[in-house]
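A.B. asks: Kindly return the folded structure for what I paste below:
(one chain, ligands or ions: 1)
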Amino acid sequence: MPNLDSPAHPPSWNLQHDVESDELLQLPPFYSPRPLPVSRAISELDLNSLSSIPHASLSSHHSSTNSPLHSDQESTLPDLVSPAFTPPSTPGIQTPSASQHIPRSIPVDSRATNGGCGQKKPKLLKKLPEVNCVVRARIPTTIGGTEMFLHLYQNNEDNKEHLAIVFGNGIRSRSLDRVREGETEMDRLIRGAYTGRLYPGRTTSRQPENSKGGAKLDSIGEDNVEEKADSAMVRIHSECYTGETVWSARCDCGEQLDEAARLMSLPGSGGGIIIYLRQEGRGIGLGEKLKAYNLQDLGSDTVEANLLLRHPADARSYGLATAMLEDLGQKDIRLLTNNPDKVRAVEGPNREVVVKERVPMIPLAWRGKTGGIRSQEVGGYLKTKIEKMGHMLQMGDP
Ligand SMILES: Nc1nc2c(ncn2[C@@H]2O[C@H](COP(=O)(O)OP(=O)(O)OP(=O)(O)O)[C@@H](O)[C@H]2O)c(=O)[nH]1
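C.D. replies: Sure thing, here's the model as predicted:
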């Protein structure tokens, strides 16, 4: 089932375009798929994604879409985004020095004009989707011995297995803990609806006091979700097979996932949640993303490539993330992102979840760290995010 809170064809596509752009977006005849006439390509832009594009960016779009004609020319893009093409700073979008372990949070108030998450208003469903955590399991990780609990969700929007990766013991899923009709204690143990730890021979889902693991007797259920003083650190991550599994240096997705997990595993961090959404390729799927990569090699940027394939610049929605966070008992969060759309969209139609603070995701290479992704492609990817998608990112201190 499609995600209803981000329809594939938003009704607001009526962006004006100029005649000049028609001429400049002409592509060579060998292009496949057949390019849309620019009047359609531009009018089918996701207006949400474009409202922050200054006119100058649309002009630069012209010259870059021409570049397939000169594919043998070396791109002049630097290998990393430099401050030269970082937009001027506005309140709330500064990227702080990244010398600390956990980057400093920036206060956010999505109701205020300068609330630190731009002015774009994402189209939201009136009602959140229904989600149900069907199973949870403990996963020891390679990150300094930290363990996490992987929560697998079903929902009434699509048939995908969206995930919540939970670091720390204090966060519980209400739908998981709910007693299911006719289930046995063993059923509950197998689907992960237990407190404390599993061990050979354990027979009850509730951990008795002084039992192995030493946890107190606590009934499982909504009333017993642990109250926390601080807002949880949350990352909403979209699946990226290329960046997370096959070592792609076209994007920094794998690095971002690793970094979020690292921050949530730090002593004193209080843990956190990575909501892992199966929205590969910003929602267009892996096959279409690979086509987009070929268009990028032919000279388009990441936004133009999506549009040429007749997709919105960003086809994602975040209603499932909001519903999963609600299920995990989160009201106020600290969101790890540079993407203003995510901040606003995850708050849901009735601010079911409130983003109190934003923690910037600064590319590791910008911080001179080992393991940071360096390539001409990732430079272009980040540049387009900043210039065309309004990402709140600028160079931190070297
Ligand atoms: N269509 C398309 N998708 C891409 C491209 N490069 C990466 N992606 C996808 O973009 C998604 C990554 O987005 P996120 O990691 O959620 O990041 P973001 O929304 O850009 O913002 P941050 O939260 O600041 O990282 C993944 O689904 C990737 O597969 C591309 O060139 N084209």
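A.B. asks: Return the residues of the stretch 251-398 of the chain in contact with the ligand.
C.D. replies: Taking CB under 6 Å from any ligand atom as the contact definition, the stretch 251-398 of the chain meets the ligand at 251, 253, 256, 279-282, 284, 289, 292, 302, 306, 337-339, 342, 361, 381, 385, 391. The C-beta positions use only the backbone N, C-alpha and C, and glycine is treated the same way.
A.B. asks: Give me the subset of these lying in helices.
C.D. replies: Those of these mapping onto helices are 253, 256, 289, 292, 302, 306, 342, 381, 385, per DSSP state H.
A.B. asks: Quick check: of these, which has the highest neighbour count?
C.D. replies: With neighbours taken as other CB atoms under 10 Å, the top of those is residue 306, carrying 27 neighbours.
A.B. asks: measure stretch 351-367 end to end?
C.D. replies: This stretch, stretch 351-367, spans 34 Å end to end (CA to CA, to the nearest Å).
A.B. asks: Can you point out the buried residues in that stretch?
C.D. replies: 352-355, 357-367 (16 or more other CB atoms under 10 Å).
A.B. asks: which one of those sits closest to the ligand?
C.D. replies: Distance from the ligand was checked for each of the buried residues of stretch 351-367 by CB to the nearest ligand atom. The minimum falls on residue 361, at 5.0 Å.
A.B. asks: shouldn't that closest one be in contact with residue 342?
C.D. replies: No. Counting by CB atoms under 8 Å, residue 361 does not reach residue 342; the two are 10.7 Å apart.
A.B. asks: can you give me the helices for the chain?
C.D. replies: 19-24, 38-43, 47-50, 55-66, 174-177, 185-190, 241-244, 253-265, 286-297, 302-308, 319-327, 340-346, 376-388.
A.B. asks: how about TSV for the ones you listed, with mean pLDDT and distance to residue 207 added?
C.D. replies: Below are the helices of the chain laid out as TSV (pLDDT from 0 to 100; distance: least, CB to CB, whole Å):
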stretch	mean pLDDT	distance to residue 207
helix 19-24	35	64
helix 38-43	34	58
helix 47-50	34	47
helix 55-66	34	56
helix 174-177	98	13
helix 185-190	98	11
helix 241-244	98	34
helix 253-265	96	24
helix 286-297	98	42
helix 302-308	98	48
helix 319-327	98	22
helix 340-346	92	33
helix 376-388	92	45
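A.B. asks: Switch these over to JSON lines; also include distance to residue 114.
C.D. replies: Below are the helices of the chain laid out as JSON lines (distance: least, CB to CB, whole Å):
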{"stretch": "helix 19-24", "distance to residue 114": "31"}
{"stretch": "helix 38-43", "distance to residue 114": "29"}
{"stretch": "helix 47-50", "distance to residue 114": "19"}
{"stretch": "helix 55-66", "distance to residue 114": "22"}
{"stretch": "helix 174-177", "distance to residue 114": "35"}
{"stretch": "helix 185-190", "distance to residue 114": "48"}
{"stretch": "helix 241-244", "distance to residue 114": "32"}
{"stretch": "helix 253-265", "distance to residue 114": "26"}
{"stretch": "helix 286-297", "distance to residue 114": "34"}
{"stretch": "helix 302-308", "distance to residue 114": "25"}
{"stretch": "helix 319-327", "distance to residue 114": "24"}
{"stretch": "helix 340-346", "distance to residue 114": "12"}
{"stretch": "helix 376-388", "distance to residue 114": "19"}
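A.B. asks: which stretches of this protein have low pLDDT?
C.D. replies: By pLDDT under 70, the low-scoring segments of the chain are 1-101, 208-229, 395-398.
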